[in-house]
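J.: Predicted structure and sequence below. I'll ask about it afterward.
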Amino acid sequence: MNPRSRHILRLSLGTTMAVALAYGFAWPLYFVCPIFAMIFLALPTWIGWNKAVALLFLLAVSLLLGLMISEFFQKLPLLCVLIYGLLFFFIYFMENPPPMASIFMTIGITLVPMLGLSSAIAAHMVAWSLLCNMGVGLLIAWIFQAFFSLPVPPAAAAAARPAQPPPIPREERARLALVSTIVALGAVVTFFSFNMLSYTYAMMQICLMADASSGQTSLAMMKGKAIACLIGGVAMVIVFQLLIATPTYPYLILFTFCTALLFSIRIYSGGPSAQAYLSGLITFLVLLGTSTMPGKSAEINFYLRIAQILIAGLIAVAGLVFFEYLLRPWKRKPAPVT
């Protein structure tokens, strides 16, 4: 079996196994586990337990901070804004963090306090469930990464490792982190002030898209997320109609495997759309979880997610461009006439 076939089987079988376990036992927030597992299964190699534990620790700390904000600081708006500003600046300014650390930390400090606006019990339940689901997802990814791994000589591994971009100077990283912090902080203050619990996903997307070097980068992220949502959403709408016709657990696993296999083939095709299908598979798993709950519809979730991504992207782009313009006045000065 060649490496490409191993990668395809690893991602499709591992994702299906995560869905089978999570949906079979249906523990709290079970649908999040396959998303975590799929993210780490898609990596070329296992990240190692040192980085895995570091990620779990960062998520745990972020969730704990989110609970502390929800319990103690939301009643003190000015102090809460100061704490959020410091947290966002730390997340955006981190140097060489573990893979996807900024994403998980952002989710921890935004999702939990927002849920705390409606119920303290819900915030605690979500925090604990997210941590447990990530642990199970990492374990599943480790098992399938080990089973489908190929021994790679050190020389070949070094040659295949992508070239690292030149490091950004510390002063420039601080300026970029400050711009991103202002945009994310503005979104958090707005959404919290108006208790916009239904739009929590849009708020988190703004905070994630704000972690970009420029408005153009954030615009590209918005386009990529919208395309991925279209791909994953269309797949989910089709699978949802099939599940309505055959609403049984075996068919859920069968349809999940077929979808994951088709997406995996496109992901490892090496074409320009590989990244879109990778993000599309994440979108499919998100919609699968939210659409299989009682009273939910795949079509409604799909349209809402598209709308929130577009709105979040436009806000993030506008904020980054505006504050970049304000914080770099020398770029606005006309060049001297010679």
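T.: Received it, and whenever you're ready, just let me know what you need.
J.: what about the stretch 1-150 of the chain, any weak spots by pLDDT?
T.: Along the stretch 1-150 of the chain, the model assigns pLDDT under 70 to residues 1, 150.
J.: make it 50
T.: Within the stretch 1-150 of the chain, no range satisfies pLDDT under 50.
J.: all helices for it, in order.
T.: Listed in chain order, the helices of the stretch 1-150 of the chain (DSSP state H, counting those that start in this stretch) span 3-25, 32-41, 49-68, 77-93, 101-116, 120-147.
J.: how far does the first one sit from the chain's center?
T.: Here the centre of helix 3-25 is set off from its chain's centre by 19 Å, with CA atoms, centre = their mean, to the nearest Å.
J.: Then the fifth one?
T.: If you compare the mean C-alpha spot of helix 101-116 with that of the full chain, they lie 11 Å apart, counting by CA atoms, centre = their mean.
J.: re earlier: go through the helices of the stretch 1-150 of the chain and pick out the most buried.
T.: helix 32-41 (a mean of 26; mean count of other CB atoms under 10 Å). (C-beta placed from N, C-alpha, C; glycine too.)
J.: Touching that helix from outside, list them.
T.: 10-11, 14-15, 18-19, 21-22, 46-47, 100, 129-130, 133-134, 136-138, 140-142, 144-145, 260, 281-282, 285-286, 289 (CB atoms under 8 Å, 6 or more residues apart in numbering).
J.: now the angle from that helix to helix 3-25?
T.: 170 degrees (axes from the mean of the first three to the mean of the last three CA atoms, to 10 degrees).
J.: Quick one: closest of the helices of the stretch 1-150 of the chain to L230.
T.: Closest to L230 of these is helix 32-41 (CB to CB; 18.3 Å).
J.: now the closest residue to L11 other than its chain neighbours, what's its secondary structure?
T.: Using CB to CB, 6 or more residues apart in numbering and skipping residues adjacent in sequence, the residue nearest L11 is S264, 4.4 Å away. Judged by DSSP: H, G, I helix; E, B strand; the rest coil, the three-state class of S264 is helix.
J.: what's around S264, how many residues?
T.: 26 (other CB atoms under 10 Å).
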